[in-house]
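S.K.: When you get a sec, could you give me coordinates for this:
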Amino acid sequence: METITQAEVGAFPISTNVFTVFSNDSVLTPENKLTVLELLHESLDLKTMMNSFASITAKFVRPLNISFQSAHGFFSSKSDTKAYYSKSYNLSLPSTSARIGSITYQSDKPLSVPENKLLTELHNLLVPSLRHALKFSELNSMVLKDHLTNIGNRAYYDESLNRAIEQSSRNQQGLSLMVLDINGFKLINDTYGHLQGDKVLQTFAGLLTKSVRTSDMVFRLGGDEFAVILQPGEQCSVNKVISRLSQEIGANTFLTELQFSTSIGFSHWEMGKSVNELFSQADQKLYQNKALSKANR
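M.R.: Residues are numbered from 1 along each chain as shown. Okay, the predicted model is just below:
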């Protein structure tokens, strides 16, 4: 977590004589505000910005558990504080009163009047930067999503798999990759038309998303090819996804009427294995299973 150094805060002390209940005077000095704004402007990444804000809150108010919720992003930061009390604020743009999200503080004791005043001033400094971060998050999400199925696209897959391998290498946790494609998808398109084919892709993407954990990630690589990154992942994780997906497909009337089926391949990451090797092993397994499926028909 990014923190404000004691030197930075100490250089711009907060005057205690302005903590008057009915005072409209600012609690934060101009120097304090400048320090806060500089920290909030360091990144448009929502998580980075809110981590900075959590550090700012800890220094100017006290350590608090903080969560932020909006249509285009979520953040949660936990301190060592016990959460007996909770208070939420709606954050909005002063010029339009348009609500951009809500922020909630949890702590071991209620927020005092001076603390409420300080948080209100900090919110006024946060909101403009936060609005830009949320817009950036929204645009970034649009760029990295497949427009048809609303799951991650190929670019997002490439980025996510590289990041997942780095994390597994650092944390020494398991990582599995699944690749899937739809059997006879060309025949579905040729027989029922491309609109029906698009509906098949959308339905399958939805069932695949329902079959994985929230920590896993689902992507459409292109055409009728999909991928799932399981983290943490091992063989039992893959088996559970395959079982859940089979149940979801079997319970879906639209797909069963089309005699829908899918082939699946998977691989498990090991130290030293590259992204290309991980995908190649899963892809080979996919085509082995596809060939076996055709032989058994």
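
S.K.: ok, residues contacting the helix or strand hosting residue 100?
M.R.: Following DSSP states H and E, the helix or strand that holds residue 100 is strand 99-107. By C-beta atoms under 8 Å, 6 or more residues apart in numbering, the residues outside strand 99-107 that reach it are 57, 62, 64-71, 73, 81, 83-93, 111, 119, 123, 127, 130-131, 134. The C-beta positions use only the backbone N, C-alpha and C, and glycine is treated the same way.

S.K.: What of stretch 43-55?
M.R.: For stretch 43-55, contacts defined as C-beta under 8 Å, 6+ apart pick out 1-4, 39-40, 42, 64, 66, 68, 73, 75, 77, 79, 122, 126, 129-130, 132-134, 136-137.

S.K.: Just the buried subset of those, please.
M.R.: Buried members of the contacts of stretch 43-55, counted by 16 or more other C-beta atoms under 10 Å: 4, 39-40, 64, 66, 68, 73, 75, 77, 79, 122, 126, 129-130, 133-134, 136-137.

S.K.: quick one: which of the residues you listed sit in helices?
M.R.: Those of these mapping onto helices are 39-40, 122, 126, 129-130, 133-134, 136-137, per DSSP state H.

S.K.: Residue 291: which of these is nearest?
M.R.: Nearest to residue 291 among those: residue 137, at 42.6 Å, using C-beta to C-beta.

S.K.: For that closest one, give me the pLDDT.
M.R.: On pLDDT, residue 137 comes in at 80.

S.K.: Switch the ones in helices among the buried ones among the contacts of stretch 43-55 over to TSV; also include distance to residue 202.
M.R.: Putting these into TSV (distance: C-beta to C-beta, whole Å) gives the following:
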residue	distance to residue 202
39	42
40	39
122	43
126	38
129	36
130	33
133	30
134	27
136	27
137	24
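
S.K.: quick one, helices of this structure?
M.R.: 6-10, 30-40, 46-60, 113-143, 154-171, 185-192, 194-210, 235-250, 253-257, 275-295.

S.K.: Please consider this matter closed, and thank you.
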